[in-house]
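[1] fold the following for me, if possible:
(2 chains)
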Amino acid sequence: MFKKFSSEEVSAQNQVKASVQRKIRQSIADEYPGLEPVLDDLLPKKSPLIVVKCQNHLNLVVVNNVPLFFNIRDGPYMPTLRLLHQYPNIMKKLQVDRGAIKFVLAGANIMCPGLTSPGGVLDDEVEAETPVAIMAEGKQHALAIGFTKISAKDIRKINKGIGVDNMHYLNDGLWKMEHLD
Amino acid sequence: MADKPQPVRLLYCAVCSLPAEYCEFGPDFEKCKPWLIKNAPEIYPNLLQEANEKEAEKVSERLQSVGISAGGADEAAQPSQPGETSSSKKEEVKRLPGGKIKKKEKLEVVIEKVVRNRRKCITVVKGLELFGIKLTDASKKLGKKFATGASVVKGPTEKDQIDVQGDIAYDVVEFITETWPEVIESSSSLVLLSYASMLHFLYSLVFSFIAQRTIKFGMTSV
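    So this is what the prediction gives:
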């Protein structure tokens, strides 16, 4: 999704009003309970919260020029990888095998066999349509953020085709956009 | 209250910006290597060895710059390859005319997004008439539903299509399948096309022949 993302795709930047800010904060806290204690540090109440609207119904939540979260349409907010690397345990994790890494880093969606093979790890609690962190065999850090299309049980059962949509991965457009101004 | 989890500080490669452990999958691992040896030798223990070996190799290469003639023998051993590729080409050519014949019977709705003026776009819906839907009625319904202009336009191949203002490619699928239940959504991964990626469009046409009665919808950003 962010394969060709650049600052040219930004169509509007707004400092949002307090009520919207509260709503965003609330939905992030609901989605990632592990993040709640540090949420005040991440999104300080005093510094302005900017929502950047981009093409294809994409929103970025930006604080101090650093993109922290993104969402599509009315979907859930997802952290950027840099943020996830700082707080790795906020999301459910799925692990792909080593062979899949280079495809995921090229932007491919995550196919079921890559998760069910010996190198992969599946968390059976993961439901369909939830944001997940994609880890890799033998690596400590997440390499992508995905949005599951089918539940983990179905991934195991069907074991074919796309299991998780790749939203954001290392070295894509959003990763390269360390600072936004 | 629980303790504040401390942010993990993590080493990013200065060359490719990836976390150091992913450098090997990065755009240019070779360029990262010197940085890695210096800053994160524990992640790639092999690198140091490799570097040492390389230097040794360089020296030995200088010593013996002959050994090239040995490589020629391998290339001579594969003359059968060109023959194989030409036969596979023939098959492709055969398939194409078959595909074109099928095209006429093909029942599918193609939804296409054409970008104009960078941020404005038109959604083109093709192939509704194949399902016996009156295009004028359909365009009216679409216009009403999405509150935009919608009109029946002559398409490039003498076929009528509906142009709808705005990017509704995402929602239009649901709308079509709901209002005209005879149109069945078969491919959930929908693809938006733009004229800039006409090539992709052609490809997707060719591939979509396989399935009948589909809404095809390609996503190729410009």
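[2] can you point me to the longest helix in chain A?
    The longest helix of chain A (DSSP state H) is helix A:18-31.
[3] CA atoms of that one as CSV?
    Extracted in CSV, the C-alpha atoms of helix A:18-31 (Å, rounded to 0.1, in the frame of the first residue of the first chain):
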residue,chain,number,x,y,z
ALA,A,18,-9.8,18.4,20.5
SER,A,19,-12.8,16.2,20.1
VAL,A,20,-11.4,14.4,17.1
GLN,A,21,-8.1,14.1,18.9
ARG,A,22,-9.9,12.5,21.8
LYS,A,23,-11.6,10.1,19.5
ILE,A,24,-8.3,9.1,17.8
ARG,A,25,-6.7,8.6,21.2
GLN,A,26,-9.6,6.5,22.4
SER,A,27,-9.6,4.2,19.4
ILE,A,28,-5.9,3.7,19.6
ALA,A,29,-6.1,2.9,23.3
ASP,A,30,-8.9,0.4,22.6
GLU,A,31,-7.0,-1.2,19.8
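[4] now do that helix: everything it contacts.
    With contacts defined as C-beta atoms under 8 Å, 6 or more residues apart in numbering or on different chains, helix A:18-31 is touched by A:16, A:35-36, A:39, A:43, A:49, A:51, A:61, A:69, A:76-77, A:131. The way it works is simple: take the backbone N, C-alpha and C, and place the C-beta from them, glycine included.
[5] mind pulling up the pLDDT for the residue in chain B that chain A sits nearest to?
    In chain B, the residue that lies nearest chain A is B:Pro7 (3.9 Å; C-beta to the nearest C-beta). For B:Pro7, the model assigns a pLDDT of 78.
[6] what's the burial count for it?
    Number of residues near B:Pro7 (other C-beta atoms under 10 Å in any protein chain shown) recorded here: 14.
[7] now do A:Thr148
    Per other C-beta under 10 Å, the neighbour tally for A:Thr148 reads 22.
[8] just grab the bridge partners of it for me.
    Per DSSP bridges, the residues bridged to A:Thr148 are A:Val164.
[9] about what we covered before: now do the buried residues in the longest helix of chain A.
    Residues A:21, A:24-25, A:28, A:31 are the ones in helix A:18-31 that count as buried (16 or more other C-beta atoms under 10 Å in any protein chain shown).
[10] show me chain B divided up by domain.
    Per the record, chain B has its domains at B:20-61, B:110-196, by the TED database.
[11] out of these, which is the most enclosed?
    Highest mean neighbour count among the domains of chain B (mean count of other C-beta atoms under 10 Å in any protein chain shown): domain B:110-196, with a mean of 16.
[12] give me the mean pLDDT for that one.
    Mean pLDDT, computed over domain B:110-196, is 78.
[13] got it, and stretch A:111-130?
    Averaging pLDDT along stretch A:111-130 gives 90.
[14] which parts of it are buried?
    Buried residues in stretch A:111-130, defined by neighbour count with 16+ other C-beta under 10 Å: A:111-116, A:119-120, A:122, A:126, A:130.
[15] in strands, which of the residues you listed fall?
    If you go by DSSP state E, the buried residues of stretch A:111-130 have A:Met111 in strands.
[16] quick check: the farthest pair among the buried residues of stretch A:111-130?
    Longest distance between any two of those is 22.2 Å, between A:Gly119 and A:Thr130; criterion C-beta to C-beta.
[17] could you find the closest non-adjacent residue to A:Gly75?
    Once flanking residues are discounted, A:Gly75 sits nearest to A:Phe147: 7.6 Å by C-beta to C-beta, 6 or more residues apart in numbering or on different chains.
[18] contacting residues for that neighbour?
    Applying C-beta under 8 Å, 6+ apart, one finds that A:Phe147 lies in contact with A:75, A:78, A:129-132, A:164-165, A:167.
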